[in-house]
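In: Quick one, what's the 3D model for this:
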Amino acid sequence: MKHPKPHLFPLLSFYQKPLFSNPIFLMARTQIRTIPSDPPQNDNSNDDDALLCSNPQQNQEEQSPSQGDDTPSSIGSPGRYLSGESRVERAWAHWAKLGRPKLIVAPMVDNSELPFRMLCRKFGAEAAYTPMLHSRIFTENEKYRNEEFTTCKEDRPLFVQFCANDPDVLLEAARRVEPYCDYVDINLGCPQRIARRGYYGAFLMDNLPLVKSLVEKLALNLNVPVSCKIRVFPNLQDTIKYAKMLEDAGCSLLAVHGRTRDEKDGKKFRADWNAIKAVKNALRIPVLANGNIRHMEDVQNCLEETGADGVLSAESVLENPALFAGFQTADWVGDNEKDNIAGKLDQAELLVEYLKLCERYPVPWRMIRSHVHKMLGDWFRIQPRVREDLNSQSRLTFEFLYNLVDQLRELGVRIPLYQKDASAARSSAEDVAS
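Out: Next up is the predicted model:
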């Protein structure tokens, strides 16, 4: 297929032809590219751990567009510090313009990429975050930009999330994506060891002046709103003070993960919805809840208990991208099995939908491989030989993956997703939307 000459930020209409006929096509062209203004400075970027852990401040002292056809001026001129009341009004006006989305795909490193976001949107998600992007690498490395950030015009509302510890670098990265998203989001919640080593995410909770400077830098200089995603402190009052500081610094929307930095295991530690409720009651901007969202009943319960303006789901939506359409895995049917019916949808069908989207919106194979394992994990436990065959492939092709699904079906493996019933699922989604 002959591609048109590349130019800045091309659209997707010509990426329709299946790509699996070329097994060495490891990474497809980007749908919307970030501006390739600088030459690649470190194209040997396979050493992700070293790149992501780079901490330029480790020897320094602690520092004390909108959607649719709207123009950036509809949000506010950069560099003009609005009064607190004006900022709050603008925050709500923007959220309302986006349709007040309640069902949102959370940011997940290597897992909330464009084709997966589009799959979740097809099955009920109303907004989505990109994977976390490293702001410094994003500004320096064209290859990283082109592979890690792709989007399309249907991919809205969209939060583009960065980790950062330098306000100027963060602003440079944010300016590259602001025409193509609805929020630039700052990751203040990653609790992993790599974030500790890189000095970003939840480990900036120890340096609140730096956090404030990151938010202020974007709020004063971008044409799109700034959002933040945080974890809670062990002490509730510290959490509330933290949230208020972010609001005062110019944050227009706050997502709160109801676990502390040390509570990494979501299965072991329940998210604290009471802490999210306290933050919601203390702030005047929209607040989203993250944690314990496994199916639509959790969505409804969380919205009722916290008063949040929407919910985020991460791990559960990876396993079941149709979660927001009212489907749930057998794990969550439990004692209510008699009230649930096996739906016509299963994870293999979702995987096929995902693979088709990957052909249209290509991404690195490592992301595709991860989703295959997430969606077919229970299937592989029944037929481990199929999983071993997958793991033995050093280079994947779409043809191999489609055949893998066919092989599982021929072996008689099918684990359905469940619904209460078709009308109940629709009613549940409508109740949440209203």
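In: ok, the spatially most central residue of the chain - contacts?
Out: Of all residues in the chain, the one closest to the mean position by CA atoms, centre = their mean is Pro107, 2.3 Å from it. With contact set as CB atoms under 8 Å, 6 or more residues apart in numbering, Pro107 has these partners: Tyr129, Thr130, Pro131, Met132, Phe159, Gln161, Asp185, Asn187, Lys229, Ala314. Placement of C-beta: from N, CA and C, glycine included.
In: Identify the farthest-apart pair in those.
Out: Put simply, by CB to CB the two of the contacts of Pro107 set farthest apart are Asp185 and Ala314, 14.1 Å from each other.
In: what about the two, which has more around it?
Out: Between Asp185 and Ala314, counted using other CB atoms under 10 Å, Asp185 has the larger neighbour count: 27 against 18.
In: Now do the domain split for the chain, please.
Out: As recorded under automatic domain parsing, the domains making up the chain are 63-325, 331-419.
In: got a list of what Glu216 touches?
Out: Neighbouring residues of Glu216 by CB under 8 Å, 6+ apart: Pro167, Ala249, Gly250.
In: Going by neighbour count, which of these comes out on top?
Out: Ranked by the number of neighbours (other CB under 10 Å), these place Gly250 first, at 23 neighbours.
In: Quick one: the strands in the protein, in order.
Out: Listed in chain order, the strands of the chain (DSSP state E) span 103-105, 127-129, 133-134, 158-163, 183-188, 226-231, 251-257, 287-290, 310-313, 341-346, 416-419.
In: what's the shortest one packed up against?
Out: Counting contacts by 3 or more CB pairs under 8 Å, 6 or more residues apart in numbering; DSSP states H and E, strand 133-134 is packed against strand 158-163.
In: tell me which strands and helices the strand it packs on is in contact with?
Out: Here strand 158-163 touches strand 127-129, strand 133-134, helix 135-140, helix 167-177, strand 183-188, going by 3+ CB pairs under 8 Å, 6+ apart.
In: Show me how far the third one is from its chain's centre.
Out: Just to be clear, that refers to helix 135-140. Relative to the centre of its chain, helix 135-140 is centred 19 Å away, using CA atoms, centre = their mean, to the nearest Å.
In: Averaged pLDDT, that helix. What do you get?
Out: For helix 135-140, mean pLDDT is 97.
In: tell me how far the ends of stretch 91-110 are from each other?
Out: Its start and end residues considered, stretch 91-110 measures 29 Å (CA to CA, to the nearest Å).
In: Just the buried positions in it, please.
Out: Within stretch 91-110, the residues scored as buried using 16 or more other CB atoms under 10 Å are 91-92, 94-95, 97-98, 101-110.
In: now do stretch 348-368
Out: Neighbour counts over stretch 348-368 (16+ other CB under 10 Å) mark 348-351, 353-355, 357-363, 365, 367-368 as buried.
In: Which ones among the residues you listed lie within helices?
Out: Mapping the buried residues of stretch 348-368 onto helices (DSSP state H) picks out 348-351, 353-355, 357-360, 365, 367-368.
In: So of those, which two are at opposite extremes in space?
Out: Farthest pair in those (CB to CB) is Glu349 and Trp365. Separation: 21.4 Å.
In: remind me which residues of the stretch 51-200 of the chain are low pLDDT?
Out: Along the stretch 51-200 of the chain, segments meeting pLDDT under 70 span 51-84.
In: looking at the strands of the chain, which is buried most?
Out: strand 251-257 (a mean of 28; mean count of other CB atoms under 10 Å).
In: Could I get the CA-only coordinates of that strand as CSV?
Out: Extracted as CSV, the C-alpha positions of strand 251-257 are listed here (Å, rounded to 0.1, in the frame of the first residue of the first chain):
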residue,chain,number,x,y,z
CYS,A,251,-6.0,22.0,38.6
SER,A,252,-9.3,21.8,36.8
LEU,A,253,-10.1,18.1,37.5
LEU,A,254,-8.8,15.7,40.1
ALA,A,255,-8.8,11.9,40.0
VAL,A,256,-8.3,10.3,43.4
HIS,A,257,-7.1,6.8,43.8
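In: Pull up the pairing partners for it, direction included.
Out: Partners of strand 251-257 in the sheet, by DSSP bridges, are strand 226-231 (parallel), strand 287-290 (parallel).
In: Give me the residues contacting the shortest one.
Out: By CB under 8 Å, 6+ apart, the residues outside strand 287-290 that reach it are 104, 106, 229, 253-258, 271, 273, 276, 279-280, 302-303, 306, 308-314.
In: give me that answer again for 7 Å
Out: For strand 287-290, contacts defined as CB atoms under 7 Å, 6 or more residues apart in numbering pick out 104, 106, 253-258, 273, 276, 279-280, 302, 306, 308-312.
In: Nice, that's everything, thank you.
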